[in-house]
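need coordinates for the below:
(one chain, ligands or ions: 3)
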Amino acid sequence: MTDLARVRDVLRTQRIETASWAYANSGTRFKVFGQEAVPRDPYEKIADAATVHRFTGVAPTVALHIPWDKVADYADLARHARELGAELGTINSNVFQDNDYMLGSVTNPDPAIRAKATSHLLECVDIMDLTGSRDLKLWFSDGTNYPGQDDVRRRQDRLADSLAEVYARLGDGQRMLLEYKLFEPAFYMTDVPDWGTAYLHCVALGEKAKVVIDTGHHAPGTNIEFIVAQLLRADKLGGFDFNSRFYADDDLMVGAADPFQLFRIMHEIVLADAVGPASGIAYMLDQCHNIEPKIPAVIRSVMNVQEATAKALLVDHDALRAAQDAGDVLGANEALMDAYHTDVRPLLRDFREDLGLDPEPLEAYRRSGYFDKIKAERVGGEQAGWGA
Ligand code: PSV
Ligand code: MN
Ligand code: MN
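Ligands and ions are numbered 1, 2, ... in the order given. As a prediction, this is how the structure comes out:
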């Protein structure tokens, strides 16, 4: 089998999950720019996600955020997704948009507020039972703004108690993914600020708990691929929230700001032979398309992940290892860079044709008339926004 055939075989196993909120209006705290034909409810968000899958062939699942995607009948929403050739994916909890959570959710000094937050997380597992989702993704905005505001260790204990209660509720085949974030909205101390904290909690919980890496959630200059390698060693890498950042948690398109970083991340995954679903690594896009058209931006993002993966799959591991073992610094670096500098677009065009898809997903989407169709259909009602 040629190398290129192997690359295509591995690429065929990769699945990239898109997020329901990427299709909704979004913006900054300064302004949300509404766009034409934006979905008005979760059903329409899923239709857009299914359209991304139709043109890329590798993005069948869509992540939901509760309560942004609250519906009366989740089994019906799952049926709707299946009818469109898609599936419901990760359930994202939300304990950051209620007035009660000003001083924290599961870490709040008030036990009644902690109980409310935990009961939301448990409700998310109930929803997973109805949607058939494997993963519960937890991100906590909890933290403090001032030194002395609350007791760091007591807050960790409260967090651990709540996580343990939710972990105990997980069914067979369900997992808990714990996401960390350096800062924002808390500015002095965040309760889950880094991979080490997330890792400690996951280890204490058990094997169904894994760490999720949101690429936008680190200090500038952080070596994210090192974190990837370390979590892979410990079998604690649950997945990614992919996006790009220039400054903080910018939520721009993955691979747009630093495609080389994305390649380096994917190289670690390829080295561990962990691209496909058997590894349990979930590739999710957690992005907001504030000024660019949303569906093409998600298609572009999926393609960016595929391009980085294809380049990583082209690394000549024998040459790399030989150079490393010989202490050949420049040779090892060259083995990596050779792959990075390869134009993989022709290979991906062939890959898509093999799947029976148009080799150019963005052009195919534009030609499809989908946007004109939803523009005509989605009149009246209120457009969905990030957070609603
Ligand atoms: C927090 O910044 C975060 O990355 C979490 O994943 C949230 O659930 C998500 O953003 C919402 O976009
Ligand atoms: Mn995220
Ligand atoms: Mn984020």
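
check contacts around the residue of the stretch 1-150 of the chain found nearest ligand 1.
Residue nearest to ligand 1 within the stretch 1-150 of the chain: Trp139 (3.8 Å; C-beta to the nearest ligand atom). Bear in mind the C-beta positions are built from the backbone N, C-alpha and C, glycine included. With contacts defined as C-beta atoms under 8 Å, 6 or more residues apart in numbering, the neighbours of Trp139 are 92-93, 96, 179, 181, 192, 214.

and it, how far is that from ligand 2?
Distance of Trp139 to ligand 2, given as C-beta to the ion, to the nearest Å: 6 Å.

quick check: beta-bridge partners of that residue?
Beta-bridge partners of Trp139, counted by DSSP bridges, are Glu179.

in terms of pLDDT, where does it sit?
We have a pLDDT of 98 for Trp139.

Ala219 against Tyr180, yeah?
No: with contact defined as C-beta atoms under 8 Å, Ala219 does not count as touching Tyr180 (11.9 Å).

which one's more surrounded, those two?
Tyr180 (24 against 10; other C-beta atoms under 10 Å).

which regions of the protein sit below the pLDDT cut-off?
Residues of the chain meeting the criterion pLDDT under 70: 1-2, 387-388.

residues from it in reach of ligand 1?
21, 92, 139, 179, 181, 214, 241, 249, 286 (C-beta under 6 Å from any ligand atom).

which residue ranges form the helices in the stretch 1-150 of the chain?
Using DSSP state H, counting those that start in this stretch, the helices found in the stretch 1-150 of the chain span residues 3-13, 42-56, 74-83, 111-131.

with the stretch 251-388 of the chain instead?
According to DSSP H, counting those that start in this stretch, the helices that the stretch 251-388 of the chain contains are 259-271, 294-313, 317-325, 329-340, 345-354, 361-368, 370-377.

what angle sits between the fourth one and helix 294-313?
Just to be clear, that refers to helix 329-340. Here the directions of helix 329-340 and helix 294-313 differ by 140 degrees (axes from the mean of the first three to the mean of the last three C-alpha atoms, to 10 degrees).

what residues does helix 329-340 touch?
Here helix 329-340 has contacts from 260, 263, 267, 311-312, 314-316, 319-320, 322-324, using C-beta under 8 Å, 6+ apart.

buried set for stretch 379-388?
383-384, 386 (16 or more other C-beta atoms under 10 Å).

contact residues of the stretch 201-350 of the chain facing ligand 2?
When proximity is defined as C-beta under 5 Å from the ion, the stretch 201-350 of the chain approaches ligand 2 at 214, 241, 286.

ok, what's across the strand from the first one?
If I follow you right, that is Asp214. Under DSSP bridges, the beta-bridge partners of Asp214 are Asp241.

ok, it touching Asp286?
Yes: Asp214 is within contact range of Asp286, at 5.9 Å (criterion: C-beta under 8 Å).

identify the contacts common to these two.
Joint contacts of Asp214 and Asp286 (C-beta under 8 Å, 6+ apart) are 241, 243.

just the buried ones from the contacts of helix 329-340?
Buried members of the contacts of helix 329-340, scored by 16+ other C-beta under 10 Å, are 263, 267, 311-312, 314-315, 319-320, 323.

Throw those residues into a markdown table and include distance to Arg6, thanks.
Formatted as a markdown table, these follow (distance: C-beta to C-beta, whole Å):
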| residue | distance to Arg6 |
| --- | --- |
| Phe263 | 18 |
| His267 | 16 |
| Lys311 | 14 |
| Ala312 | 13 |
| Leu314 | 10 |
| Val315 | 12 |
| Ala319 | 16 |
| Leu320 | 16 |
| Ala323 | 21 |
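
of those, closest to ligand 1?
Nearest to ligand 1 among the buried ones among the contacts of helix 329-340, with distances taken as C-beta to the nearest ligand atom, is Phe263, at 22.0 Å.

excluding chain neighbours, what is closest to that closest one?
Ala308 (4.7 Å; C-beta to C-beta, 6 or more residues apart in numbering).

what residues are up against the one you found?
Applying C-beta under 8 Å, 6+ apart, we find Ala308 in contact with 255, 259, 262-263, 265-266.

what do you get if the cut-off is 6 Å, keeping everything else the same?
262-263, 266 (C-beta atoms under 6 Å, 6 or more residues apart in numbering).

looking at the helices of the stretch 1-150 of the chain, which is closest to Arg153?
Taking C-beta to C-beta, helix 111-131 is the member of the helices of the stretch 1-150 of the chain nearest to Arg153, at 15.7 Å.
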